[in-house]
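>>> I need the structure of the sequence given here:
(one chain, ligands or ions: 3)
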Amino acid sequence: MGYQKIKVPKDGDKITVNADLSLNVPNHPVIPYIEGDGIGIDVSPAMLKVVDAAVEKAYGSSRSIVWMEVFAGEKAVEVYGDDVWLPEETLEAMREYSVGIKGPLTTPVGGGIRSLNVALRQELDLYACIRPVRWFKGVPSPVTAPEKTDMVIFRENSEDIYAGIEWQADSPEAKKIIRFLKEEMGVEKIRFDQGCGIGIKPVSKEGTQRLVRKAIQFAIDNDKPSVTLVHKGNIMKYTEGAFKEWGYELARERFGAELLDGGPWHKLVNPKTGNEIIIKDVIADAFLQQILMRPDEYSVIATLNLNGDYISDALAAEVGGIGIAPGANIGGSVAIFEATHGTAPKYAGQDKVNPGSLILSAEMMVRHLGWFEAADMILKGVEGAIEAKTVTYDFERLMPDATLLKCSEFADAIIKNM
Ligand SMILES: NC(=O)C1=CN([C@@H]2O[C@H](COP(=O)(O)OP(=O)(O)OC[C@H]3O[C@@H](n4cnc5c(N)ncnc54)[C@H](OP(=O)(O)O)[C@@H]3O)[C@@H](O)[C@H]2O)C=CC1
Ligand SMILES: O=C(O)CCC(=O)C(=O)O
Ligand SMILES: [Mg+2]
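Residues are numbered from 1 along each chain as shown. Ligands and ions are numbered 1, 2, ... in the order given. Model prediction:
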């Protein structure tokens, strides 16, 4: 299709998606990227440079990524004019080209625009946010055995209180809902019905089960020992509690899991390896202390949207912080890869922050394309740069004898170590 502001490169080809969601990846795929606000200006160029170098080292000139910039956030407003934060053609380009990557986008607190990151996930129905958390040798950590943290978070990405269905205190809408709840639903538990904002938490069986299906399938494909459903179902029975029940139900009905010792835990035999996979659940607050005390008891995590947000950053801290925590948002035929961290505005434009999170998100993207040699090259580069103790400020301040590098220099160090 014709785009208004997006310049479609002439020399690349489109990735196409088959009915079974497998990809047909040409040798020179066009990949849309969003630079991102704040430190996006620092980490995105570093990521592009590292990926280009890895692909070239792996395949010479027979393969390359043909980058296509698309716009969201502050740059979209610059390019399209006032109040166009997420142009329709950005969404269209992500749909048309199927695989994309983005830097972080700012969301104001307490008012202003709603999250563009959440909007992208919702508009494109990128229902699974997949965030692997693993330790790289030499990375400074606040825990004594960071190598024991090796988890992959599957965070439901389209529902929950995170969908942003809410009304401001004293607005006519909030008052109307409070009136409805009191007068028609018999609710007596609204402690202060004046000056009270209202948020809604939708959690569905379909939304839960498509996420849990992805998590269990991942455990099967990667021979993982367990999938843990993390919820606060004792308190929020019909949302988080239902998430747990629907998760177990799916494990039984779709994957043939059986009750373990009378339940509620289940087990299934991995059809690919013959190994046992335990499907278990844990209440979210207990989980947050156990990941510090006994992280090796957890492997694949399936959880709701808000829990997944908190858990991502908490787990990232155990293995070096959000500067190095990657992620992917995956739905049906579209996947957008993005860092776990935000725009860190105080560091924007200083060429200072760790680009590792976006670079490792790109590593996931390249692997998603099936370009395993290039993905391995990126991992080797990151591991090598860290082992050589040539790192950005976030690691350097915690690593004795490390050499402090700028963001762009760390990208160069990764390339040198490939
Ligand atoms: N997916 C997205 O696009 C996301 C967007 N956001 C948005 O980003 C904005 C800022 O959010 P905020 O809560 O400050 O969270 P940020 O993740 O932007 O930053 C919090 C802190 O994390 C550390 N950090 C973040 N990124 C890096 C990096 N690349 N390298 C090293 N350290 C890093 C810094 O710690 P220190 O100060 O210790 O150096 C920083 O001050 C908000 O508008 C928020 O909505 C937030 C999360 C995700
Ligand atoms: O959209 C935002 O601004 C924050 C999102 C976030 O923290 C996350 O998805 O991890
Ligand atoms: Mg977050």
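
>>> how many other residues sit next to whatever residue of the stretch 251-400 of the chain ends up closest to ligand 2?
In the stretch 251-400 of the chain, the residue that lies nearest ligand 2 is residue 309 (4.7 Å; CB to the nearest ligand atom). The way it works is simple: take the backbone N, C-alpha and C, and place the C-beta from them, glycine included. Neighbourhood size, residue 309 [other CB atoms under 10 Å]: 19.

>>> who are the neighbours in contact with it?
155, 162 (CB atoms under 8 Å, 6 or more residues apart in numbering).

>>> Can you pull the phi/psi pair for it?
Main-chain dihedrals, residue 309, degrees, to the nearest 10: phi -60, psi -50.

>>> can you check residue 128 too?
Torsion angles, degrees, to the nearest 10, at residue 128: phi -120, psi 120.

>>> these two touch, right, it and residue 153?
No. Residue 128 lies out of contact with residue 153 (CB atoms under 8 Å); the separation is 9.9 Å.

>>> report the longest helix in this protein, please.
Using DSSP state H, we find that the single longest helix of the chain is helix 40-59.

>>> Check the secondary structure at the residue in the stretch 301-418 of the chain positioned nearest to ligand 1 for me.
Residue nearest to ligand 1 within the stretch 301-418 of the chain: residue 342 (2.2 Å; CB to the nearest ligand atom). The three-state label given to residue 342 by DSSP: H, G, I helix; E, B strand; the rest coil is coil.

>>> List the residues that contact it.
Contacts of residue 342 by CB under 8 Å, 6+ apart are 38, 104, 106.

>>> try 7 Å
residue 104 (CB atoms under 7 Å, 6 or more residues apart in numbering).

>>> Please tell me how far it sits from residue 289.
25 Å (CB to CB, to the nearest Å).

>>> Over to residue 133?
For residue 133 relative to residue 289 (CB to CB), the value is 17 Å.

>>> circling back to that earlier point, mind checking pLDDT for the residue of the stretch 251-400 of the chain closest to ligand 2?
In this model, residue 309 is scored at 97, pLDDT.

>>> how about the residues of the stretch 201-350 of the chain near ligand 1?
Within reach of ligand 1 by CB under 6 Å from any ligand atom, the stretch 201-350 of the chain has these residues: 321-323, 338, 341-344.

>>> Show me where the stretch 301-418 of the chain has its helices.
305-318, 356-368, 372-387, 393-396, 407-416 (DSSP state H, counting those that start in this stretch).

>>> ok, and for the first one, which residues are buried?
If you call a residue buried by 16 or more other CB atoms under 10 Å, then helix 305-318 has these buried ones: 305-309, 311-312, 315-318.

>>> distance of the nearest residue to residue 418 once chain neighbours are set aside from residue 410?
Among residues not flanking residue 418 along the chain, residue 381 sits closest, at 4.1 Å (CB to CB, 6 or more residues apart in numbering). Here residue 381 is placed at a distance of 10 Å from residue 410 (CB to CB).

>>> Would you mind telling me which of these two has more residues around it?
residue 410 (30 against 24).

>>> wait, what's in contact with that one?
Contact partners of residue 410, counting by CB under 7 Å, 6+ apart, are 354-355, 385, 391-392.

>>> repeat that with 8 Å
Shown in contact with residue 410 (CB under 8 Å, 6+ apart): 46, 354-356, 385, 390-392.

>>> for residue 198, same thing?
Contacts of residue 198 were listed using CB under 8 Å, 6+ apart, and they are 166-167, 173-174, 177-178.

>>> what are the phi and psi angles of it?
Main-chain dihedrals, residue 198, degrees, to the nearest 10: phi -130, psi 130.

>>> still on that earlier bit, so which of the contacts of residue 410 is the most crowded?
Going by other CB under 10 Å, residue 356 tops those with 35 neighbours.

>>> so what's it closest to, chain neighbours aside?
Excluding the flanking residues, the one nearest residue 356 by CB to CB, 6+ apart is residue 324, at 3.9 Å.

>>> right, and that neighbour touches residue 355 too?
No. Under the criterion of CB under 8 Å, residue 324 is not in contact with residue 355, lying 9.4 Å apart.

>>> Any figure for the gap between the residue nearest the centre of the chain and residue 153?
Taking CA atoms, centre = their mean, the centroid of the chain lies closest to residue 327, which sits 3.6 Å from it. Residue 327 is 8 Å from residue 153, where distance means CB to CB.

>>> next one: residue 105
Distance, residue 105 to residue 153, by CB to CB: 20 Å.

>>> for residue 354, same thing?
20 Å.

>>> Repeat that for residue 82.
Applying CB to CB, the value for residue 82 to residue 153 is 37 Å.

>>> In terms of neighbours, single out the busier of those two.
Here residue 82 and residue 153 are compared on neighbour count by other CB under 10 Å; more neighbours surround residue 153, at 27 against 6.

>>> my guess is that one contacts residue 305, does it?
No. Using CB under 8 Å, residue 153 makes no contact with residue 305, being 11.4 Å away.

>>> Give me the common contacts of those two.
Taking CB under 8 Å, 6+ apart as the contact rule, residue 153 and residue 305 both touch residue 129.

>>> List the contacts of the residue nearest to residue 356.
Shown in contact with residue 324 (CB under 8 Å, 6+ apart): 136, 139, 316, 354, 356-357, 360.

>>> cutoff 10 Å now
Contacts for residue 324 (CB atoms under 10 Å, 6 or more residues apart in numbering) come out as 133-136, 139, 316, 339-341, 354-360, 382, 386, 391-392, 394-395.

>>> Quick check, pLDDT for the residue nearest to the centre of the chain.
Per-residue pLDDT puts residue 327 at 98.

>>> so what's it closest to, chain neighbours aside?
In space, residue 327 is closest to residue 131, 4.3 Å off (CB to CB, 6+ apart).

>>> how many other residues sit next to the one you found?
Residue 131: 27 surrounding residues under other CB under 10 Å.

>>> wait, residue 305 sits on residue 126?
No. Counting by CB atoms under 10 Å, residue 305 stays clear of residue 126, with 11.9 Å between them.

>>> so what sits against both of the two?
Common neighbours of residue 305 and residue 126 (criterion: CB under 10 Å, 6+ apart): 157-158.

>>> Tell me the pLDDT of residue 1.
Per-residue pLDDT puts residue 1 at 63.

>>> can you check residue 298 too?
Reported pLDDT for residue 298: 98.

>>> what number of residues lie near it?
Around residue 298 there are 25 other residues, counting by other CB under 10 Å.

>>> got the end-to-end distance for stretch 70-77?
In stretch 70-77, first residue to last residue: 12 Å (CA to CA, to the nearest Å).
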